[in-house]
Each structure stands twice: as structure tokens, then as C-alpha cells.
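Colleague: Structure for the following, please:
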Amino acid sequence: MYRCLIKDFETRPSVTHLLEHPFIKQAHGKDTLLRQQLSVLIREQQDVGSRTKTRHERINTRKTLIIESCPDDDLVNLELLDEETIIAHLQKRYQDLQIYTYVGDILIALNPFQNLSIYSPQFSKLYHGMKRSTNPPHIFATADAAYQSMVTLCKDQCIIISGESGAGKTESAHLIVQHLTFLGKANNRTLREKILQVNPLVEAFGNACTAINDNSSRFGKYLEMKFTPTGAVMGAKISEYLLEKSRVIKQATGEKNFHIFYYIYAGLYHQDNLRKYKLPNKTAPRYIDCVNGKVMQDIISSKLYKEQFDAIQDCFRIIGFTEEEVNSVYRILAAILNTGNIEFASASSQHQSDKSEVPNSEALDNAAALLSIGSEELQEALTSHCVVTRGETIIRTNTVDKATVVRDAMSKALYGRLFSWIVNRINALLQPDTNICAAESGMNVGILDIFGFENFKKNSFEQLCINIANEQIQFYFNQHIFALEQIEYQSEGVDVSLVEYEDNRPILDMFLQKPMGLLSLLDEESRFPQATDQTLVDKFQDNLRNKYFWIPKRVELCFGIQHYAGQVLYNVSGFLEKNRDTLPADIVVVLRTSENRLLQQLFSSPLTKTGNLATSRARVTAASRSLPPQLNSGRNKVDTMEMMRHPEETTNMRRQTVASYFRYSLMDLLSKMVVGTPHFVRCIKPNDDRQALRFNKERVMVQLRYTGILETVNIRRQGYSHRILIQEFVNRYYYLAFRAHQMPEGSKENAIIILQKAKLDYWVVGNTKVFLKYYHVEQLNLMLREVIARVVLMQAYTKGWLGARRYRREREKRRNGAVVIQSAWRGHVARQNLKLIKREREQAAVQIQSVYRGYRVRKDYKQSRQWTGQPSSKRSSTNHSPDEKVVSVSADSGIGSSDASVPKTDKQSDSRERAPLSKQGPTLKLHQHRSPRRRGQQPKLLNSPEDSLYYNHLNRSLDYQGSKRKPRKLGQIKLLDGEDEYYQLLSTIEAVPEEDVLTGTSPNPTSTPPTISSR
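Modeller: All right, here's what the predicted structure looks like:
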């Protein structure tokens, strides 16, 4: 039936076909009933409410999206503020699938554990430059607020996403990147696609399945999206921290390795490329095998792994990785899996009993081949190590346990450095183009997605580092929301009741202070080769005398910490070995000899103090990103990007402990966060079973308590979250109350005038700052945007009018110029045509004259021959016959300059024969026979009237065509040129009277040639 709506008339069915449709046949004869049913349906739709109309006022067959905001969207607007009211309010909204709620300018996001259709491009358009209260709370609104603040205030922004593991932080980061990319509207579509592919690629290498989260971030990620001053996205940069490398070699019960190992294994299996990468196709490698042994079955049967592998390949291709680089990545990952299958056995000899060897060299050979190194060299590096003592090198063998530790350390180093290289490569491919915008003038929006707070049944060293990082994030939240705000109230003389909050600074000091902090004590104990886990617990107990630390009774190798989120019990087993993370120099030397260029680069580049692979060997400092005094009191400033040379860091434990990397990572992360204006997103996990629409009040209450939501609601209701200097406030918003050309001074009076003109309430002006509520800045920015929009509109109209006037003037000039050019061209063409016509006429005249002259000459020549051949008696005859006619040729005919009259009769030859010749005087040369002249002979003499006629006509033609000779003045003597000298040699002939010509006699021999005129 819908075929009738096809716009293409060629594929649209005809009316005849439509009438044969069963639906049309059933409706035949039921017009009245269908009209009634249609009217009822229309009334029902009108009662439901107004719907969005289409562009052409036609019926919209799709379900129209109805979005309305209400006062309950913000917890600050609640009349009664207590925990029970907030919990009930959040539960009601969660049951209505309203997972987002505001606490002032802070967003609370509850994980729905299902896919919601509220992230389409339609929603992106709704949350573009709109007032916060216009639409319901949304993660897009937070991204838009950060973007608008960056463009309006020209300051860097930072979006901090925090919460427990499994609360939805990673997905929230995805959505923020998606909306910022939409808002940025990069002209380069490829760049937008690259940025959107960054998170999936990095998470495939850095995320894993844990007991409480199927896609848990096992590293800290800080993504900086870079924008031009006009707000167009132009690049991105990733900073990664504290990758959980120990997961590569061992996972807890119910957990898995990093996603990429399963993706690549499934993809290569379905592509029949396992043999190429020397991976077994029946049994899974030890590093990814689990207790139940169903990994291979999941890899073969699960379509998810294969689809994710294809997606990762697309990510590599879209971002810009070459095929050689991707192949090298796959080879290193396959080498790590083969390295895990290397087994060691004890080999006793005559002199040594603790020697180890590799009984089955298949896995060793496969790993060596994939790494492009020698199998024997790799085995020697795994089973022995070199010790330099007093200038001598001593080779000592490794025990089975020691060789196993070296093997696992090599696997962790390979994966950790490969992950850092991928991040650096992404940064290089997504770095901003300097031709578009200079790096100094660009602005950033940072997005922090870090591992959430964890509390498992068995917590180890990794959970300790993760929870310390979350303590640092919570401390930053408290400092920004509570401490710094209340300090400014006191210094500015603003009367606001102070809000009590839980300060976790003492816990952080217990962890990070030197030299008696927990991490410092751990590093100190790690330097002793004979230290054990028990000695570490004893050292903690002797030095950490704090109410936040305790040793549980009747539990060995354990200690407890009272975190901001609750009590956590840690198992100390393996703390020292994990903290040391020693990579022998022998392994580094062997890997540097690899023929794989990527592997050479991984182990030739130095490491930073954060434990990441350096992009260059230059020393880079972070002095420009110093912490504020409130956050840096009592701590030594450190160079967070100091380079450490290799292989020194592999042998010196002081420089390469995980605790030292962790300390510098926190400092570097915090230094990046404090640069921008923060926007907080607090993710809440409604239940631990990951079930949709299940709201556990007790579980949510615990999270609200330790995140300080109730205190945040109080301080957002009573306090002023925006504190702007008076001078900056006046310079930013003076358009709202003053004219653009006035430029008022930055005084309190002018600030008050602006606030009163904007009709705001509940604001306070302090000594040096203006204190505003969290919603005031948004209102001011919207009003300022409207004023600027009106100014821009006026400028557009004015520029359009000026441009139109300029265009009309330019068009008139061009039109006049075109007329002048056309006139000149037409004149030129006309003159050329006239010259051509004259030339053609002259040529025609010359051709006619030439033909006629030739005719006359031939005729005269025949007459002269006849006369010279007759007897003298006949030539002397002067009698003419009665029928004789005289033909006159005058100079006026345009043929010659002399006149000649030639008698013509019907019997011309007879009359010529009868013409008598004169018997007296010399004989005329006119009728003499002329022989042809030779080269070098005397010039031709004018001895006939025809010659004189031709000469005169030639002179007239030369004068007409424009002779180069200038006319002579009166009395000037003419100088003879070459042509005159030529005619000077011609002899003159005296004129012969007409009677003499007719009789053939001449009285004067020297007379000129006879002139015959017509009678």
C-alpha cells in the first residue's frame, strides 16, 4: 500500500493497479463509515496533545517525540531536602526511564542497564545552544554547557565523570564525545569519523571483563578534544595512565583478559589465519584460558567477538594506521600469547642444581619467530641473566620460578609498551593542523574516564591504586565544590552559611606523603631483596598510625583502609613483586635486536615518569600546568614528564616501581584537570545484578552518601557556584546595559547596573568579584547571545546593503567598460573591413588594367608587325576609306595619362596598308619592331604612346597608394632618386601632330609622341 507514496513516477504504481489492491476493494462502498472512524481518530489525537508538524503540514505517520521539562528535574528545587526525599525522587524518575537528574550544574546519571533511544541525532539537535531548563536533564546538556562555555568565555573546559565500576562512566564518555563532535561540526568529515573511532579502539586494548562489569576500564583515560576559536573541532589527544598490565598474565576468578586477545583470536580463526600467527586452533593459550576451559568454544560460537574484530579493523583503517603497522600489532599480540605457553623445567648438572630449561621449544620458537628474534637468544635471556661485578660480566642461571617471572615480565612489558605506542600513534594521526589554527589559540574540552571505585571479595595491589585515584578525584570535587568556594566567601565578605562536608585530605596524605606515606613505605620495602609480604605488613603497622588504617585480627597478610566510599580490605600477597615490575636488561637487549621495526621502536624509546612510552627523547616539562596553592600545599612539585633512559630504568628499582609511576600519573592528571573549568557527572549504579529497572535503595543511598550529593544540594541552593572578577564581568556583559561604543569602567556600580538590567535575583557583589548562582551565568550568556545575534543581524543587513550598492556601482562600471570595449572593437572591425574592401577593389582594378593593357599591347604589336611587313608604297598611302571610324582613348577613362586615337574600320588591315608614310624627315620609332631586352642592357626607352600612358598611370597609382616621397615645397629643387635616374635615361620623343600621325610624316623629328584625341 505504501508504494503509492513513492516519489519516483517511473516506479510508482498506476491508478489501475491501486484499484485492484485488496485494501481498496474492502473500502469500496464504506465511505460514510470510514469518515466517521477517521473523525473519531482525529479527535483522539487532538485530545492527546499537539504534535510536531511536518514541513508541509502533512500527516506525520511516525511517533512524534514529546519532550517536556519540569521543576523536579533539579534536586535543588525540592522543598524538603533529606536523604529519603532524594532517594524517592530518584527512584520515581528511574522507573519512568528518566535516568538523568540535575543537582544545580552537576548531573546525576543512573545506569539503566539497557539501550535507550534518547541519543539519536534528533536529541543532539535539541541540546544545541539551548537553555538548560528548556529540555529535560541529559548527558548532551552537560556536553553542550561545556562547549558553550568554551566558545563564550574562551577558556578550556573539563568534564569529570566519576562513579563506581559498572556505573556507566565509559558509556557516558562515549556520548559526550559524540555530542561534542556534533557541536564542533568539523568541515573535515574524516576527522569526525576518526575521533569517534578513538574510544572503541583504545577500549579494546584497555578494557576487560571483571566480576561486576563486562566492560571495565583497566586504565585511566583523559581525552582532550581540541577546537578552533570559532568552535570547530580540529583534533584530539589521549593521555593514558596506570594500565593494569598484570591482567595480561593472570586474572581473578570470573574475570577475563583484555578484550583485544579474544577479538583477534576469533577474527583470525574465522579468517583461517591462526596458522599464519602460529596460534593453536584447538586449545586456548594459557593467558586467556579460564578454569572451565570454554574459551575456545566461546570464540568459535560467539558472533560478538568476530564482529568486534571487524570493528577494530575498521577503527585501524579509519584512524590511519597502515597495513604494516596493524600486522605488526597482531604479530606482537600473538607473540604474547605464545610466550605465555613457554614452560620451564628444572635441569640439574654436575655443577648447578637450580638451572632451568625449556623442554618443549615449540612455543618458544613460535614466539621468537613472531618477534623476529633468534630462538636461542630468547631462551638464553629467559633462563639466565648477566651480572656485572668489578668490571667482570658473570652469567648466572635462573631457577624455574625466576624464569617464569622473567617470562611474565616480558609479556607485561610488550603489552604495556604496545598500548602506549598505539595511544601515541593515535595522537600523531589526530593532532591539529597548524594551517587551520595555531596550537596556542586553540581551546580544549577534556573528558576524564577513569576506573571506578572497586571493592571485591579479594582486593590486591591494582584495587589499591584504583581506589587511591578515586580518592584524588573525590578530593578535587570537594575542593572545587566546597573548600575553594567557602574560602572565597570569607575573603570577599559574603555572608553565606558554611556547609559541612567530609574532607578526605587526611586519607590522601596517608597514601601520598613522604617519607612515611603508604606508597613511600611500599617503595622502600621493595628495594630490599629479602623483603617479604609479611615484613611489608609489619612496616605498615609500625608507621601508619592513623584512624583510616587498621590490621584485621585473625587474618594474615591483610590490612584495611577506611576510604571515602567505605571500608576495603586488601590482601598483601604479591604487593612487592607487582610494585617492582622488574624487566631484566637481557630481555631488552634481545628485543632490540628484532628485525621488526615496531618492536625496535618499543624498546628503544625511553619511558616517562608516568610509565608511558615517550614520543621523543626530548625533555618535556609541565611547568606551565602548575597546581593551585590549595591543591598543592605541602607537596613537592615534580616534573611529570621527565624522561628516563633505557635500559637503566629496567635495572634501577628506584625509578621504575609502579608506585612511583602512579604518583607522577596522579600529579600529571590533576595538573591537566585544574587548567579548565570543571563540569561534574556523577554516575550511580542502581543495583549490583546489572538488571534493568531495578532500583536498590540501600545501594544507591551508600553511593549518594560517599559522593556528598546531599551536601552538594545544600551548597548549590545556598551558595554561589560562579565567582567572576568585577572587571571581567563588566567587560563580558556590558552589552546588556550599555552601548557598544561606551566601554564602561569595571566598577561595582556598572556591575550592579548590568545585573539589574538583566533582571536577575539572588546575586551578591563582593569586594572584587561578582557571586552568581549556578543558573545565572547560563541566563546571562543566553541574553548576551541574543544581543550579539541582533547586532550580527544588523551588521548583516548593513553589509548586505553596502555590498549591493558596491555591486551595482561595479556592475555599472563594468557595463560602461563593456560598451567602450564593444565600440572600439566594432570600429576596429569596420576599419578592417573597409581596408579589406579597398584592397579587393584595388586588386580588381589592377587586374582589369593589367588584362586590358595586355590586350592593347598585343593588338598594337600585331598592327606594328603588319605595318613593318607592308611595301613602302602602301605605307605612304594617306587615303582613308569611307567606312573608316576613329576611336578615341583619353586619359579621363582612367586607363592612361596620354590620349591615343586609333583608326578602326571594318577592314582595318586594308586601311592600314593604304596609310601613306611621310617621305620627309626621320621615320617614327612608334611603329618600329622592338626586340626583347637582355640583362644588363640599357633601360627601356619610352618610344611609344602606350609606354607614356603606362608610365603616367603607374605614377598616379603610386601617389594614390601613398608614396614614401614627401611633396616638394614651392621653389624646392627635386632630388632624383633611383627611380628618377632610371627614367632620366629614357629619351624623349617630340609630339607628332595628328595630321603627321595620320600621314606617317613629322615636321619635327624631336617632337613628343603624338596625341590623338577624339573628334
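
Colleague: pLDDT below threshold where in the protein?
Modeller: Applying pLDDT under 70 to the chain flags the ranges 1-18, 46-69, 71, 186-187, 291-293, 349-353, 439, 616-655, 869-1015.

Colleague: Output the longest helix belonging to it.
Modeller: helix 776-869 (DSSP state H).

Colleague: can you give me the helices for the stretch 451-600 of the chain?
Modeller: 461-478, 484-492, 505-512, 518-526, 533-543, 575-580, 585-592, 597-604 (DSSP state H, counting those that start in this stretch).

Colleague: Take the fourth one, keep the C-alpha atoms, and write them as CSV.
Modeller: What follows is the C-alpha trace of helix 518-526 in CSV, where atoms were taken according to Å, rounded to 0.1, in the frame of the first residue of the first chain:
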residue,chain,number,x,y,z
LEU,A,518,51.9,4.2,52.4
LEU,A,519,53.3,4.3,48.8
SER,A,520,56.7,5.6,50.1
LEU,A,521,56.9,2.7,52.6
LEU,A,522,56.0,0.3,49.8
ASP,A,523,58.8,1.6,47.6
GLU,A,524,61.3,1.4,50.5
GLU,A,525,60.4,-2.2,51.2
SER,A,526,60.6,-3.1,47.5
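
Colleague: Can you classify the residue lying closest to residue 721 once chain neighbours are set aside by secondary structure?
Modeller: Leaving aside its sequence neighbours, residue 721 sits nearest to residue 774 (CB to CB, 6 or more residues apart in numbering; 4.3 Å). Any C-beta I mention is one placed from the backbone N, CA and C, and that applies to glycine too. At residue 774 the chain is in coil, as set by DSSP: H, G, I helix; E, B strand; the rest coil.

Colleague: Could you check how far residue 774 is from residue 762?
Modeller: Distance of residue 774 to residue 762, computed by CB to CB, to the nearest Å: 11 Å.

Colleague: got CSV for the helices of the stretch 451-600 of the chain, with distance to residue 323 and mean neighbour count too?
Modeller: Below are the helices of the stretch 451-600 of the chain laid out as CSV (distance: least, CB to CB, whole Å; neighbours: other CB atoms under 10 Å):
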stretch, distance to residue 323, mean neighbour count
helix 461-478, 35, 22
helix 484-492, 51, 16
helix 505-512, 45, 18
helix 518-526, 42, 20
helix 533-543, 47, 15
helix 575-580, 37, 21
helix 585-592, 23, 20
helix 597-604, 13, 18
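
Colleague: how about those helices, which one is nearest residue 278?
Modeller: Ranking these by proximity to residue 278 (CB to CB) places helix 597-604 first, at 15.9 Å.

Colleague: can you list contacts of the closest one?
Modeller: Applying CB atoms under 8 Å, 6 or more residues apart in numbering, the external contacts of helix 597-604 come out as 325, 328-329, 332, 371-372, 413-414, 417-418, 421, 588, 591-592, 594, 613, 646.

Colleague: if you set the cut-off to 7 Å instead, what comes out?
Modeller: Helix 597-604 has contacts (CB atoms under 7 Å, 6 or more residues apart in numbering) with 325, 328, 332, 371-372, 417-418, 421, 588, 591-592, 594, 613, 646.

Colleague: How about stretch 728-744?
Modeller: 746, 750-751, 753-754, 757-758, 770, 780, 783-784, 787-788.

Colleague: Could you pull out the helices in the stretch 301-450 of the chain for me?
Modeller: So, for the stretch 301-450 of the chain - with DSSP H, counting those that start in this stretch - the helices run 303-319, 323-340, 362-371, 375-383, 400-429.

Colleague: got TSV for the ones you listed, with mean neighbour count and distance to residue 85 too?
Modeller: Formatted as TSV, the helices of the stretch 301-450 of the chain follow (neighbours: other CB atoms under 10 Å; distance: least, CB to CB, whole Å):
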stretch	mean neighbour count	distance to residue 85
helix 303-319	17	42
helix 323-340	21	52
helix 362-371	21	61
helix 375-383	20	63
helix 400-429	21	45
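
Colleague: Could you export the ones you listed to CSV, including columns for distance to residue 834?
Modeller: Output for the helices of the stretch 301-450 of the chain, formatted as CSV (distance: least, CB to CB, whole Å):
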stretch, distance to residue 834
helix 303-319, 71
helix 323-340, 74
helix 362-371, 91
helix 375-383, 98
helix 400-429, 71
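
Colleague: Please identify which of the ones you listed is closest to residue 45.
Modeller: Of all these, helix 303-319 comes closest under CB to CB, at 41.0 Å.

Colleague: Tell me how far the closest one lies from the chain's centre.
Modeller: 22 Å (CA atoms, centre = their mean, to the nearest Å).

Colleague: So which residues of the stretch 101-250 of the chain form helices?
Modeller: 121-126, 139-153, 169-184, 189-206.

Colleague: Throw those into JSON lines and include distance to residue 337 and mean neighbour count, thanks.
Modeller: Below are these laid out as JSON lines (distance: least, CB to CB, whole Å; neighbours: other CB under 10 Å):
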{"stretch": "helix 121-126", "distance to residue 337": "41", "mean neighbour count": "15"}
{"stretch": "helix 139-153", "distance to residue 337": "38", "mean neighbour count": "23"}
{"stretch": "helix 169-184", "distance to residue 337": "25", "mean neighbour count": "22"}
{"stretch": "helix 189-206", "distance to residue 337": "14", "mean neighbour count": "19"}
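
Colleague: For residue 769, give me phi and psi.
Modeller: The phi/psi pair for residue 769 (degrees, to the nearest 10) reads phi -130, psi 160.

Colleague: Give me the nearest residue to it, chain neighbours excluded.
Modeller: Of all residues not flanking residue 769 in the chain, residue 723 sits nearest, at 4.9 Å (CB to CB, 6+ apart).

Colleague: Who does the helix or strand hosting that neighbour pair with, and is each partner parallel or antiparallel?
Modeller: Assigned by DSSP states H and E, residue 723 belongs to strand 722-725. Take DSSP bridges as the rule and strand 722-725 pairs in its sheet with strand 769-772 (antiparallel).

Colleague: List every C-alpha atom in the strand it pairs with, with coordinates, as PDB.
Modeller: The C-alpha trace of strand 769-772 is given here as PDB (Å, rounded to 0.1, in the frame of the first residue of the first chain):
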ATOM      1  CA  LYS A 769      34.100  39.500  42.500                       C
ATOM      2  CA  VAL A 770      30.500  39.100  41.400                       C
ATOM      3  CA  PHE A 771      28.900  36.000  43.000                       C
ATOM      4  CA  LEU A 772      26.200  34.300  40.900                       C
END
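
Colleague: After the strand holding residue 723, which helix or strand is next?
Modeller: Following strand 722-725 toward the C-terminus (DSSP H and E): helix 726-733.
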